[in-house]
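[1] predicted model and sequence below, questions to follow.
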Amino acid sequence: MLLAEIRRAVGLTQEQVAASLGIKQPSLSRLESQDDMQISTLRRLVAALGGELEIIAHLPGGAIRITQFQDAT
């Protein structure tokens, strides 16, 4: 699911999320359309949407939750 779709699904506008992040709406628009971003940026964006980011690696032996970046800012 795309970040913009998640934002819309939780009922928030770009303006609302941008204000929560302390950025301007055009900056949020650029973030939502990026193909790549830092984990800390994604974590802040997900938090602004009311969520929590988890990173899970799906390997042949099973799924592993990666906690190394849990407290990244």
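    Everything's here; your move. Numbering: from 1, shown residues only.

[2] can you show me the helices along the chain?
    3-9, 14-21, 25-33, 39-48 (DSSP state H).

[3] now render these as TSV, adding mean pLDDT and distance to residue 66.
    (Each C-beta comes from the backbone N, C-alpha and C, glycine too.) Supplementary listing: the helices of the chain in TSV, determined by pLDDT from 0 to 100; distance: least, C-beta to C-beta, whole Å:
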stretch	mean pLDDT	distance to residue 66
helix 3-9	97	20
helix 14-21	97	24
helix 25-33	97	22
helix 39-48	95	10
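
[4] as CSV, these with mean neighbour count and distance to residue 68 would be great.
    Below are the helices of the chain laid out as CSV (neighbours: other C-beta atoms under 10 Å; distance: least, C-beta to C-beta, whole Å):
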stretch, mean neighbour count, distance to residue 68
helix 3-9, 14, 22
helix 14-21, 17, 24
helix 25-33, 15, 23
helix 39-48, 17, 9
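
[5] what's the closest of the ones you listed to residue 57?
    helix 39-48 (13.2 Å; C-beta to C-beta).

[6] not counting that closest one itself, show me its contacts.
    Residues from elsewhere that reach helix 39-48 (C-beta atoms under 8 Å, 6 or more residues apart in numbering): 3, 17, 20, 21, 31, 52, 53, 55, 69, 72, 73.
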